[in-house]
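S.K.: Predicted model and sequence below, questions to follow.
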Amino acid sequence: MNGWRERAAQGIFALAALVSALLTGSIFGFLLFFGLPLLTGGRLTAILTQPWAPYQGAYGIAPMLAGTMAISLLAMSIALPLAMGCAMLISLSGPGPTGRLLRKAVAMMTAVPTVVYGFVGIFLLVPVVRQLFDHGSGMCVLAAGLMLALMVAPTMILFFCDAFARVPRDYGLAVLALGGTETEKLLYVTLPCAWRGVLTGTILALGRAIGDTLIALMIAGNAVRTPTSLLDSARTLTAHIALVFAADTESLEFKSIFACGLLLYLFTAVMVVGIRAAGRRRPGR
Amino acid sequence: MDQWKIETETLSFAYNGREILTNASTRFTENAITALVGPSGSGKSTFLLTLNRLWETLPGGSLSGRVRIRFDGQSHDIYEPGYPLDRLRRRVGMVFQMPNPLPMSIFKNVAFPLLLAGERDRAVLAARVEEALRRVHLWREVKERLNDSALALSGGQQQRLCIARALVPEPEVLLLDEPTSSLDQRAARAVEELLVNLKERCTLLVVSHYLDQVRRIADRVVELSDGAIREGR
């Protein structure tokens, strides 16, 4: 009976893994099928170097690629230390009421819809950026990056907290018994042991930052040009896809969004593989 | 007359409302091995945790009474507000029932208390690590692989490593919670020998379930039963 259940469970898990792999592969295949004709015969260079000027027959997406990189990397460089600090605070607060309250507040933030973050960005953050820097409309890389960081940080915090909680309690007791403080326990033992969980949370958040559409669409300004400063407006690949989607489905303009999708897919994959590779070179034991 | 090192006075401890120790008052002699015996759940391990205040890291405990430890010829109330915990725990070392090496190299494990205390001189660290490992008779077994993970050592080696780590800060009191329960007979005998040698410079409190072991190493036996503390037979 147990053997039958064991085999059934293994079969279900294998099937789930297979379906997930097939779905991911078919999305890639779909993008490749529609996007590849636009990337062959020297057209890849054109798409990566030309400006976006559909009326002149130029469908370059380089500015959008740069916008995506600028906004998502800025968001991550703000969110990572923010999330790490919050997770450490929650961890140091222990299992008491303060820690529980902080954790619940963070969990609640993950449930806030993206559009709400967008509204908060437009009505609260953008005017502040505009007044503070006296540069343009305030809809820029900085505003979008900040809002995106606020949006992805809660997920990272929860991942980091779970990773900290999975570190065996014995390690912590050993440090405290040797005269170490809670902070030293966190820095020297918990953090190095929770490295993989921290990495997983970071990858997930990065995927969310790169793939987010609404924040960029609402706050980044959507200017089709390569941003050269944090105060420049920019358009991300996802926002570009959303904006071009209304075009004639037979037009080259419409078809170019498949190339955007393909590049977004590859860009995310390269970032994830890069972070995983960096994670393998773990700090010394 | 032997001088006392630790004195507990009407010490009571409750965990999540359940009384574990009730008015425990006793003294422990300096440079002696005291064995704590008693049935499972009688509060032996908890009693040890009250002597280095490690129980405070576990939620749900509450304590009343006093614990005094004599350091540098002076009696210190370790529950006095503001008493420095880091200094207390460096002077009152602890070895747990299950070996708990940290997930780092053998060298870093033993050097860890020194690193916590701010020692950064490689030569000093190396000398102190070697000395501690020699004292627990582990040096010859690990000297060629000090940079290997401590988690790769056998159970007996891990426990000796944990004792070496506890000895590095030169504690005046060493609390040992069933230190040989996870070891085979040979490794257990090696640890026992080590404990007997250690009492020259340390006051040792050992929780043990093995009466043979208690007879072999203990100068005094204290029995904990129903939260009360009494002289053992």
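M.R.: Perfect, I can see it now.
S.K.: Up against chain B, what does chain A have?
M.R.: A:94-96, A:170-181, A:184, A:188-189, A:192-193, A:285 (Cβ under 8 Å from any Cβ of the partner chain). From N, CA and C alone the C-beta is placed, and that goes for glycine too.
S.K.: distance of the most centrally placed residue in chain B from chain A?
M.R.: Relative to the mean C-alpha position of chain B, the nearest C-alpha, by Cα atoms, centre = their mean, is the one of residue B:175, at 2.2 Å. The gap separating residue B:175 from chain A is 9 Å, by Cβ to the nearest Cβ, to the nearest Å.
S.K.: Moving C-terminal from the helix or strand harbouring that residue, which element do we reach first?
M.R.: According to DSSP states H and E, residue B:175 maps onto strand B:173-177. The helix or strand immediately downstream of strand B:173-177 is helix B:185-198, counting by DSSP H and E.
S.K.: tell me the mean pLDDT for the helix or strand hosting residue A:258?
M.R.: Taking DSSP H and E as the definition, one finds residue A:258 inside helix A:252-280. The average pLDDT for helix A:252-280 rounds to 81.
S.K.: what packs against that helix?
M.R.: helix A:2-39, strand A:58-59, helix A:62-93, helix A:195-211, helix A:237-244 (3 or more Cβ pairs under 8 Å, 6 or more residues apart in numbering or on different chains; DSSP states H and E).
S.K.: could you redo the last one with a cut-off of 7 Å?
M.R.: In terms of contacts (3 or more Cβ pairs under 7 Å, 6 or more residues apart in numbering or on different chains; DSSP states H and E), helix A:252-280 is packed against helix A:2-39, strand A:58-59, helix A:195-211, helix A:237-244.
S.K.: most packed of the ones you listed?
M.R.: helix A:237-244 (a mean of 22; mean count of other Cβ atoms under 10 Å in any protein chain shown).
S.K.: quick one: that helix to helix A:252-280, angle?
M.R.: 160 degrees (axes from the mean of the first three to the mean of the last three Cα atoms, to 10 degrees).
S.K.: Beyond the strand or helix carrying residue A:151, next helix or strand please.
M.R.: Per DSSP H and E: residue A:151 is located in helix A:141-165. The element immediately downstream of helix A:141-165 (helix or strand, assigned by DSSP H and E) is helix A:169-177.
S.K.: Could you look up the next helix or strand downstream of that following helix?
M.R.: That would be, after helix A:169-177 and using DSSP H and E, helix A:182-185.
S.K.: Buried residues of that next one, list them for me.
M.R.: A:182, A:184, A:185 (16 or more other Cβ atoms under 10 Å in any protein chain shown).
S.K.: Now do the contacts for the residue nearest to the centre of chain B.
M.R.: Neighbour list for residue B:175: B:48, B:51, B:52, B:92, B:94, B:205 [criterion: Cβ atoms under 7 Å, 6 or more residues apart in numbering or on different chains].
S.K.: ok, 8 Å please
M.R.: Residue B:175 is in contact with B:48, B:51, B:52, B:92, B:93, B:94, B:95, B:205, counting by Cβ atoms under 8 Å, 6 or more residues apart in numbering or on different chains.
S.K.: hang on, the earlier thing: taking helix A:169-177 as reference, get the angle to the strand holding residue B:175.
M.R.: Using the same axes, to 10 degrees: strand B:173-177 against helix A:169-177 is 170 degrees.
S.K.: angle of strand B:173-177 against helix B:185-198?
M.R.: 160 degrees.
S.K.: Check the offset of strand B:173-177 from the chain's centre.
M.R.: Its chain's C-alpha centre and that of strand B:173-177 lie 2 Å apart, by Cα atoms, centre = their mean, to the nearest Å.
S.K.: Tell me where the model's unsure across the chain.
M.R.: No chain in the question, so chain A it is. Scanning chain A for pLDDT under 70 picks out the ranges A:1, A:279, A:281-285.
S.K.: Chain B was what I was after
M.R.: For chain B (pLDDT under 70), the answer is B:1, B:232-233.
S.K.: Count the residues that sit near residue 186.
M.R.: Looking at chain A here, since you left the chain open. 20 (other Cβ atoms under 10 Å in any protein chain shown).
S.K.: right idea, wrong chain: chain B
M.R.: Neighbours around residue B:186, by other Cβ under 10 Å: 8.
S.K.: show me what contacts it?
M.R.: residue B:156.
S.K.: Centre of the chain to stretch A:77-90, how far?
M.R.: For stretch A:77-90 - counting by Cα atoms, centre = their mean - the centre lies 15 Å from the chain centre.
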